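[1] Provide a 3D model corresponding to the input given below.
(one chain, ligands or ions: 2)
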Amino acid sequence: MTDAFKQAALDYHANPIPGKLSVELTKPTATGRDLALAYSPGVAEPVREIARDGENVYRYTGKGNLVAVISDGSAILGLGNLGPMASKPVMEGKGVLFKRFAGINSVDVEVNAESPQAFIDTVARIADTWGGINLEDIKAPECFEIEKALIEQCNIPVFHDDQHGTAIVTAAGMLNALDIAGKSIEDVKIVCMGAGAAAIACMRLLVACGASQDKLVMLDRRGVIHKSREGINAYKAEFALDTDMRTLDDAIDGADVFVGLSGPGLLSADQVKKMAADPVIFACTNPDPEIHPAVAREVRPDVIMATGRSDFPNQVNNVLGFPFIFRGALDVRATRINEAMKVAAVHALKDLARDPVPQEVLDAYECDEMHFGREYIIPTPVDIRLLDRVSSAVAQAAVESGVARKPYPAHYPLKNVNDVYG
Ligand SMILES: O=C([O-])CC(=O)C(=O)O
Ligand SMILES: [Mg+2]
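    Ligands and ions are numbered 1, 2, ... in the order given. Prediction:
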């Protein structure tokens, strides 16, 4: 990032008013009568109705279209554990994306918790306020325990975006990239740089999509995760190989796929040179990827390259997932986001990339042409069709898998965010 761009990012957040989100009113408030309806005495009526039947909260309040974006700031993007307040711009940013792409209202909640249990207790006590909870930027391994406990304790969807959002989008992009490379997922040698929340979830989902675990090498800061290593947690142990490989240099030799969910600049041009033909590189650490696309392309013109960023082709970023996954889940009042719903999202994303790209998308990216291929393996976030395709696939899967509390929405398909209330 240039200094000018960094300053522009600060100015964007500071001016003309601080932050990126505000609250808006949805009802008239001009007259005394309006106020009497909105507050005392009128507000007592929905209070009584909700007290009589809890489901009425969806009818008389904003709960059904409201998601909390909750973090402790322990793993902000690829920047590390910088604390709850430093995570606030990202959490507000997720709120921007929820609203912009899926018409979902959100509040950011930054929790200063001294332990995973304190975090769980804090969130569980206020969970009923919202229609869903998006956990964000919480470090591994604590994030696994936190998500599991909250899913058990809440009857609204709880979804750790860095795990499942990232995994869904990665799997969709990977299936397409391998197709373009003419390789099948069962056969490829995969190197995963990183062993945090996103890395573990991505590899689990790739294995569920057919990848062979014995051809998958995972590395953390200390190198290859192998069976004779001491002191690895249970989540990393799931991917421990019986191997002599110890370093990224060892692992990358002949690899078909590199997935980076680790830190900036960790993959070198020399390492890229050693990969197999038509290498697939997903350098997804934000904001700075494991390798710059231009550097990878220079040494390997045959590369199929993705990053997490909006300013390069092939943006593999959870923004393609979480807004629409929650949209579908909220609209059928799902009690959780289960595996069937995640798989449905993978296929919806993967299939959409194969359709012709609308003119609005070309305009937004200032290019004349975009079609399924090396430079376009996954839809762009501005593609309005995501709203319909992903949300309806997720809603349908929720209904079929028995976690929906409402039938498939009568007002689907959604054509744009103004349609979301039906
Ligand atoms: O915020 C983003 O761009 C994607 C994300 O969740 C992360 O990097 O933690
Ligand atoms: Mg994140």
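[2] Residue in the stretch 251-400 of the chain with the shortest distance to ligand 2?
    In the stretch 251-400 of the chain, the residue that lies nearest ligand 2 is Asn318 (6.6 Å; Cβ to the ion). For every residue, glycine as well, the C-beta is placed using N, CA and C.
[3] In contact with that residue, which residues?
    Residues in contact with Asn318, defined by Cβ atoms under 8 Å, 6 or more residues apart in numbering, are 161-162, 165-166, 168-169.
[4] out of everything not next to it in sequence, what's closest to it?
    Excluding the flanking residues, the one nearest Asn318 by Cβ to Cβ, 6 or more residues apart in numbering is Gly165, at 3.2 Å.
[5] Give me the distance between whichever strand or helix holds that neighbour and the centre of its chain.
    Here Gly165 sits within helix 161-181, counting by DSSP states H and E. How far helix 161-181 lies from its chain's middle: 11 Å, per Cα atoms, centre = their mean, to the nearest Å.
[6] hey, where'd the strands end up in this protein?
    Under the criterion DSSP state E, strands of the chain are mapped to 66-71, 105-110, 132-135, 158-160, 190-193, 216-220, 223-224, 257-260, 280-283, 304-307.
[7] will you turn these into TSV that also has mean neighbour count and distance to Asp3?
    Below are those laid out as TSV (neighbours: other Cβ atoms under 10 Å; distance: least, Cβ to Cβ, whole Å):
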stretch	mean neighbour count	distance to Asp3
strand 66-71	25	28
strand 105-110	20	28
strand 132-135	27	33
strand 158-160	26	34
strand 190-193	26	28
strand 216-220	22	33
strand 223-224	18	35
strand 257-260	27	26
strand 280-283	28	23
strand 304-307	27	21
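[8] Any idea which of those gets closest to Asp250?
    Nearest to Asp250 among the strands of the chain is strand 223-224 (6.9 Å), distances taken as Cβ to Cβ.
[9] what about the residue of the stretch 151-300 of the chain found nearest ligand 2, neighbour count?
    Closest contact between the stretch 151-300 of the chain and ligand 2, by Cβ to the ion, is at Asp162 (4.2 Å). By other Cβ atoms under 10 Å, the residues close to Asp162 number 27.
[10] ok, it touching Ile76?
    No. With contact defined as Cβ atoms under 8 Å, Asp162 does not reach Ile76; the gap is 10.3 Å.
[11] list the residues that contact both of these two?
    With Cβ under 8 Å, 6+ apart, Asp162 and Ile76 have common neighbours Asp137.
[12] coming back round to it: now for the helix holding Gly165, which elements pack on it?
    Applying 3 or more Cβ pairs under 8 Å, 6 or more residues apart in numbering; DSSP states H and E, one finds that helix 161-181 contacts strand 132-135, helix 142-153, helix 197-208, strand 257-260, strand 280-283, strand 304-307, helix 322-331, helix 339-352.
[13] what's the closest of the ones you listed to Glu360?
    Closest among the helices and strands packed on helix 161-181, using Cβ to Cβ: helix 339-352, at 14.3 Å.
[14] how much does the closest one deviate in direction from helix 197-208?
    Helix 339-352 runs at 80 degrees relative to helix 197-208, counting by axes from the mean of the first three to the mean of the last three Cα atoms, to 10 degrees.
[15] buried stuff in helix 339-352?
    340-350, 352 (16 or more other Cβ atoms under 10 Å).
[16] Include distance to Ser87 and pLDDT when you put those residues into TSV, please.
    Shown next, in TSV, are the buried residues of helix 339-352 (distance: Cβ to Cβ, whole Å; pLDDT from 0 to 100):
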residue	distance to Ser87	pLDDT
Ala340	31	96
Met341	26	97
Lys342	24	97
Val343	29	95
Ala344	30	97
Ala345	25	98
Val346	27	97
His347	32	97
Ala348	29	98
Leu349	26	98
Lys350	31	98
Leu352	31	98
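[17] Ile146 touches Gln117, doesn't it?
    No. Contact criterion Cβ under 8 Å: Ile146 and Gln117 do not qualify, at 9.0 Å.
[18] Distance-wise, check the nearest residue to Asp331 once chain neighbours are set aside relative to Asn81.
    Leaving out its chain neighbours, the residue that sits closest to Asp331 by Cβ to Cβ, 6+ apart is Pro409, at 4.7 Å. Going from Pro409 to Asn81 by Cβ to Cβ, to the nearest Å gives 40 Å.
[19] and if you look at Ala140?
    Distance from Ala140 to Asn81, by Cβ to Cβ: 11 Å.
[20] Can you name the residue of the stretch 1-150 of the chain nearest ligand 1?
    Closest approach between the stretch 1-150 of the chain and ligand 1, counting by Cβ to the nearest ligand atom: Leu77, at 4.0 Å.
[21] How many neighbouring residues does the single nearest residue of the chain relative to ligand 1 have?
    Ligand 1 sits closest to Asn286 of the chain, with a gap of 3.6 Å, by Cβ to the nearest ligand atom. By the criterion of other Cβ under 10 Å, Asn286 has 17 neighbours.
[22] What parts of the stretch 101-250 of the chain come near ligand 2?
    Residues of the stretch 101-250 of the chain that fall close to ligand 2, judged by Cβ under 5 Å from the ion: 137, 162.
[23] can you list the weak-confidence ranges in the stretch 101-250 of the chain?
    Residues of the stretch 101-250 of the chain meeting the criterion pLDDT under 70: none.
[24] can you pull the contacts of the residue of the stretch 1-150 of the chain closest to ligand 1?
    Leu77 is in contact with 90, 137, 285-287, counting by Cβ under 8 Å, 6+ apart.
[25] This completes my enquiry, with thanks.
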